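> Prediction below, plus the sequence it came from.
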Amino acid sequence: MSSSSALAAEAAPPSALRWAVLPWSFFIGENVLLSHNRASIIALCGGDEQSYHALYNALSTAACASLGFGYFFRVAGAPPLRHVSVAAVGGSFVLQAVGLAGLFQALPRVQLPLASEPAHGERAEPAAASKAGAAARQWVIRCPMDFKGESASPAVTSPDGLHGLHRVSRHPMLWSLAAVGLGGALAVPSAPQAVWLLGPAAMALLGGAHIDYRHRRGEGGTLSAETERVTSLLPFAAMAAGAQAEGALGSLQALARELKVENAVLGVLLAARWAMTRGR
């Protein structure tokens, strides 16, 4: 290798590392700074909220574009490369399974498209239907996603008013995405790519903390002292501490009952599929 090509090879990793770090810094920074100084910026815009939103959206678009460009054109597969062990792939699977199971909770409940239902005709008398019993059933085709169930609010039975992933963290979707990123960081051979994949975790920690800061002050939402006592910024912290009404074990059991299990299974299967491609 010539001296010039050697110098180019040495210069490549720092460049890739900058693209791994700076776009995430820009994305997190503009979100935090613009939301924190919202009132001041609107005042500078002459009280025009539309101008504030235009500025916010423009900077967010630029930040997202820099993230995408950096990842696909500067970071993915960039040297230096490292060996990925079987243990790292296993840890990656666990983190991504948890993260994808969480992200898939945002979708309508997944259900089998073929189901068995009572075959009671419109003219069937209740007595006749009772005599027919379990034998009077028919197969029906239904939508793979239960949109009807999504229209109804979930039954909240906890004395704390908590349900589902909000038991885990006040920002469950941010941390679900963070878990997917952390899992990816464990299993990719490219060091700059691994650094880029740490970005969602930084966003969940810093962005989540700033959202809590604003909500405590009634800006953009609310966070009462009681809600803060029984929930946590970090995943599972309040549950593990037994801060919720059901206690540590009871809150975990309640979470298992409240999750969309079918959606979680799909997330785990996707994580398993990704894990099977590692090292190829």
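Here it is on my side, so go on.
> contacts and neighbour counts: CA atoms only from here.
Will do.
> Tell me which stretches of the protein form strands.
Along the chain, counting by DSSP state E, strands occupy 109-110, 114-118, 137-141, 145-146.
> and residue 259, which of those strands is closest to it?
Nearest to residue 259, of all these, is strand 109-110, at 9.6 Å by C-alpha to C-alpha.
> follow-up on the earlier one: right, so the strands of the chain: which one is the most enclosed?
Each of the strands of the chain was scored by mean neighbour count; the highest is strand 109-110, a mean of 20, by mean count of other C-alpha atoms under 10 Å.
> What residue, apart from its backbone neighbours, is nearest residue 227 spatially?
residue 160 (7.7 Å; C-alpha to C-alpha, 6 or more residues apart in numbering).
> Surely that neighbour touches residue 243?
No - assessed by C-alpha atoms under 8 Å, residue 160 is found out of contact with residue 243, at 9.9 Å.
> intersection of neighbour lists for the two?
Shared contacts of residue 160 and residue 243, defined by C-alpha atoms under 8 Å, 6 or more residues apart in numbering, are found at residue 230.
> hmm, back to that, can you redo the strands of the chain as CSV with distance to residue 79 and mean pLDDT?
Listed next are the strands of the chain as CSV, based on distance: least, C-alpha to C-alpha, whole Å; pLDDT from 0 to 100:
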stretch, distance to residue 79, mean pLDDT
strand 109-110, 40, 90
strand 114-118, 49, 79
strand 137-141, 51, 85
strand 145-146, 42, 84
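> want to throw these into a markdown table with distance to residue 71?
Shown next, in a markdown table, are the strands of the chain (distance: least, C-alpha to C-alpha, whole Å):
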| stretch | distance to residue 71 |
| --- | --- |
| strand 109-110 | 31 |
| strand 114-118 | 41 |
| strand 137-141 | 42 |
| strand 145-146 | 32 |
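> Tell me which of these sits nearest to residue 95.
Nearest to residue 95 among the strands of the chain is strand 109-110 (21.9 Å), distances taken as C-alpha to C-alpha.
> List the strands paired with that closest one, with their directions.
Using DSSP bridges, the strands paired with strand 109-110 are strand 145-146 (antiparallel).
> show me where pLDDT drops low in the stretch 1-150 of the chain?
Scanning the stretch 1-150 of the chain with the threshold set as pLDDT under 70 gives 1-13, 120-135, 149-150.
> That one: helices as residue ranges?
If DSSP state H, counting those that start in this stretch is used as the criterion, the helices of the stretch 1-150 of the chain fall at 3-36, 38-44, 49-69, 86-103, 126-132, 147-150.
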